[in-house]
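Undergrad: Model the structure of this input:
(2 chains, ligands or ions: 2)
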Amino acid sequence: MKAFATLLDTLVYTTSRNRKLALIAEYLRNAPDPDRGWALGALTGELDFPAVKSSTIRNLMKGRVDPVLWTLSRDFVGDTAETASLLWPSTDLENNDFLTLTQTVETLSSLTRVNAHKEMPKLLDRLDANGRFALIKLATGGMRIGVSARLAKTAFAKAFDVSLDDVEEYWHAIDPPYAELFQWAAEGGDPPDIEGRPRFRPFMLAHPLEDTRVDLSDYAAEWKWDGIRVQLCRVTDANGEAETRLYSRSGDDISATFPELLDVLPMDAVLDGELLVRGSTQGGEAGSDKQGGAASFNALQQRLGRKTVSKKMLAEAPAFVRLYDALLIESEDLREHGWEKRRGHLENLVERLPDSHFDLSAVVEARDFDHLAEIRETARDEAIEGLMLKRRDAPYIAGRKVGLWYKWKRDPLLIDCVLMYAQRGSGKRSSFYSDYTFGCWAGDPDQGAELLPVGKAYSGFTDAELKKLDRLVRQTTLNRFGPVREVERTLVFEVAFDSVHTSKRHKSGLAMRFPRIHRIRWDKPVHEADRIDALKALVPD
Amino acid sequence: MSAPFSWIRPEPWGVHIVPADVWIDPGRAVDKALVTHGHADHARGGHGETVATPETLAIMELRYRTGAEDDAGDIPHKAIPVAYGETIRLGGGVDATYIPAGHVLGSAQILLEHAGERVVITGDYKRRADPTCAPFEVTPCDIFITEATFGLPVFTHPPIEEEMGKLLAALSTNPEACVLVGAYALGKAQRVIAELRLAGHHDPIYLHGAMEKMCRLYEEHGVDLGDLRLVSDHTKDDMRGAIIIAPPSALNDRWSRRLPDPITAMASGWMRVRGRARQRGVELPLVISDHADWNELTQTIEEVNPAETWITHGREEALLRWCELGQRKARALALVGREDEDE
Ligand SMILES: [Zn+2]
Ligand SMILES: [Zn+2]
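TA: Ligands and ions are numbered 1, 2, ... in the order given. Take a look at the predicted model:
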């Protein structure tokens, strides 16, 4: 537990991604089995101990610390787990009194609501302040130490020099403490046997098309939809039990967020598609008449990240999958076949799927590349992000292989905005003002109209430009609010963004998607920047 | 015969000794002040007469004469040095004795005696050993006027050897980088350097310009700090694998860009709380404080065992509660102008 507690504590303070990776990898290489497996489970959020709640800890403390002193301490520290870890009396511990992570996890999993308040003190007594913090975080869930599941898996791959795609592929079929995974990666054993268990297959990804032109006899074109890329996977085990799981692009299991998709696949399959929700914004004109009914990304966003879903939500914004590809159908692995052959299988399959939850992403027919460009230009459907170009004879290969798939996004929208506030970045950028809030004029600036913030960006400039921007911020500061500086209105940014929507959360009533600095207009006078109305005109109806 | 202890009166600007018309650590200019130690929130400038230890007077002189403080020019008009253990007559039948407080070089508690009544005012203090100043002495009294900067039970400072170990480990695992330690320019910086030397670290330590004069002053008062160099005289490559000491305000400042891949550390009692460290972008928190932690505050009150405890500044609420639970008579003074020291 000592090494794990130190790891957590260090991660709390580390902002650089590379240092985080190095710290986790070092721990995974050096910690004994099965400690390191449990640690990996904790970091990826796969451990759950329902018997211990935050209230369990509060009640424990109530019996041991004066309630006034507890409240004053808790208010100052701001975190129950940390306050409890600091206030719990430390005892002198011999080295072998100190709990191991495995002992901790084993005890935690054996706890019930009834005995948790009796058993937790025994664990707390066998740890120091850092160890107690780790224990309480572990027991109550939600580490919140700035490490995503993906980052932890990347660190695992790095620690043992194995491929991240392989790790992802085995991941969901193996439970903590991942004995078979460590056996394979760390000890050079056989790859884990994962037949009959649902698992994520890494996605095939596309490169931006940029200046490439392709021949449509080699490449097929499909719409790229503005939802979230998902993989739906159904497997039947040896006992005839079928299980369906839904994975996000990063391989996270998001089944619980979209329960309506878990019992609608009538056969075993692994399918690649775009998850969308139904709504009034039509996606109709883009393809066949079956393509209707995708709501805006905003509507989808309401449903993301939830662990439980209300009936109301299921009724108002039901999810469906617009299918792109089939990796596996009824135990036949299609991945080595060319796209055309897989597409044939997929089209046949769709006939057997309920159209309440599935449709097919239509192939876009064009005479030639120029015609395709024209179609892309004139597509006005908001649910379309652009086009995908897929090599007709390409197998389904994990990752981003050059020349097989291209994404051809619609041109970004551009608008001229004025820099209003700047905030310090983090990590390497912590001494630079690198996050910028910018605004558009609420009316005619020459008639005294004010600027209203419309967005925030922290990318799209070079290091040299960042230095220059940082200097400008420091020289033109009007006010300081903690890490934020308000600056004089002197600089125009040409901001690129994918789309803009109405939003009640912003004073301007508008919210941009993916804004980034396109060009810094050192030359442009601020009164020539755009007005809110110009931005409003870009909101889709 | 007047009411007991009516000769000493807490006011928002400081503690007033009425018969002598003398103030302790007053927050504004007065005719005559007794100053416990050189930190800015205790040692304001501009008094008619300032009574303090010779070290504190030297520190005040340095701060105000060099213009490092905004009150430049507020040099004491008349400085009256008092050595530790020495008693001076203040007039009105009040005697004052200066006793080591263990906080920073020259820091003192002041024992006041009048008509057989004894009052001790601690200023800031700590109980841990510190190679840069004389140790705290427990002094029995009727009224004990204590600080409470770390007056919450969550504050327990670990042994300083542990924190030095963390600092040196970070240094040896990152030989191409440097560790930039934020430390208060008076007291904390010199203590960290002296403790590093005790831990066997004899490499050159690089200083931010704002640290230099205070370090020299400590050395003139017999505190050996070893090989110190100025960051401004050196290149990035010189400083790889080295410890750099700077005031906390310089940690995320442009100044730090001249350093080779700095790992940001901070030496402060506040580092005990993760949120505080993260707020400041600290990657290596070092829990090192020149103030008493919760256990030392409460242990000291028990040892001194006064009839009454007055609490000057810090998180007085919790310490008041502790006194109440132990049925000790206590009150909070709510002085103005005191800062959260140890930043
Ligand atoms: Zn002080
Ligand atoms: Zn103070």
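Undergrad: Now do the strands in the stretch 151-300 of chain B.
TA: B:178-182, B:205-207, B:228-230, B:243-246, B:262-267, B:284-286 (DSSP state E, counting those that start in this stretch).
Undergrad: Which stretch among those approaches A:D66 most closely?
TA: A:D66 lies closest to strand B:284-286 among these, at 27.4 Å (C-beta to C-beta). (Glycine included, C-beta is placed from N, CA and C.)
Undergrad: circling back: dump the strands of the stretch 151-300 of chain B into CSV; add mean neighbour count, distance to A:T477 and mean pLDDT as well.
TA: Listed next are the strands of the stretch 151-300 of chain B as CSV, based on neighbours: other C-beta atoms under 10 Å in any protein chain shown; distance: least, C-beta to C-beta, whole Å; pLDDT from 0 to 100:
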stretch, mean neighbour count, distance to A:T477, mean pLDDT
strand B:178-182, 25, 23, 96
strand B:205-207, 24, 28, 98
strand B:228-230, 15, 29, 97
strand B:243-246, 26, 22, 98
strand B:262-267, 24, 23, 94
strand B:284-286, 25, 29, 96
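Undergrad: Between those, which one is closest to B:G92.
TA: Between B:G92 and the strands of the stretch 151-300 of chain B, the tightest spacing by C-beta to C-beta is seen for strand B:262-267, at 42.3 Å.
Undergrad: where does the stretch 201-350 of chain A dip in pLDDT?
TA: Applying pLDDT under 70 to the stretch 201-350 of chain A picks out residues A:279-298.
Undergrad: residue ranges for the helices of it, please.
TA: A:297-301, A:311-316, A:339-350 (DSSP state H, counting those that start in this stretch).
Undergrad: what domains does the record give for the chain?
TA: Picked chain A for this. A:2-140, A:204-409, A:413-536 (automatic domain parsing).
Undergrad: You answered for a different chain; I wanted chain B.
TA: Taken from automatic domain parsing, chain B resolves into B:8-153+B:291-332, B:160-286.
Undergrad: do the longest one and ligand 1 meet?
TA: Think domain B:8-153+B:291-332. Yes: for domain B:8-153+B:291-332 and ligand 1, the contact criterion (C-beta under 5 Å from the ion) is met by B:H39, B:D124.
Undergrad: centre of the chain versus that domain, how much separation?
TA: The chain centroid and the centroid of domain B:8-153+B:291-332 are separated by 11 Å under C-alpha atoms, centre = their mean, to the nearest Å.
Undergrad: now do the shortest one
TA: From the chain centre to the centre of domain B:160-286 is a distance of 18 Å (C-alpha atoms, centre = their mean).
Undergrad: returning to what we had before: mean neighbour count and distance to chain B added to the helices of the stretch 201-350 of chain A, as TSV?
TA: Formatted as TSV, the helices of the stretch 201-350 of chain A follow (neighbours: other C-beta atoms under 10 Å in any protein chain shown; distance: least, C-beta to the nearest C-beta, whole Å):
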stretch	mean neighbour count	distance to chain B
helix A:297-301	18	28
helix A:311-316	11	34
helix A:339-350	17	47
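Undergrad: Of all those helices, which one comes closest to B:A108?
TA: helix A:297-301 (62.4 Å).
Undergrad: Tell me the predicted confidence for the residue in the stretch 1-150 of chain A that ligand 1 sits nearest to.
TA: Proximity of the stretch 1-150 of chain A to ligand 1 (C-beta to the ion) peaks at A:F76, 20.2 Å away. pLDDT, A:F76: 90.
Undergrad: I'd assumed it was in a strand, is it?
TA: No: read with DSSP: H, G, I helix; E, B strand; the rest coil, A:F76 is helix and lies in no strand.
Undergrad: surely it meets B:P153?
TA: No: using C-beta atoms under 8 Å, A:F76 is not in contact with B:P153, being 10.3 Å away.
Undergrad: which of the two has more neighbours?
TA: Taking other C-beta atoms under 10 Å in any protein chain shown, A:F76 and B:P153 do not tie; B:P153 has more neighbours (24 against 16).
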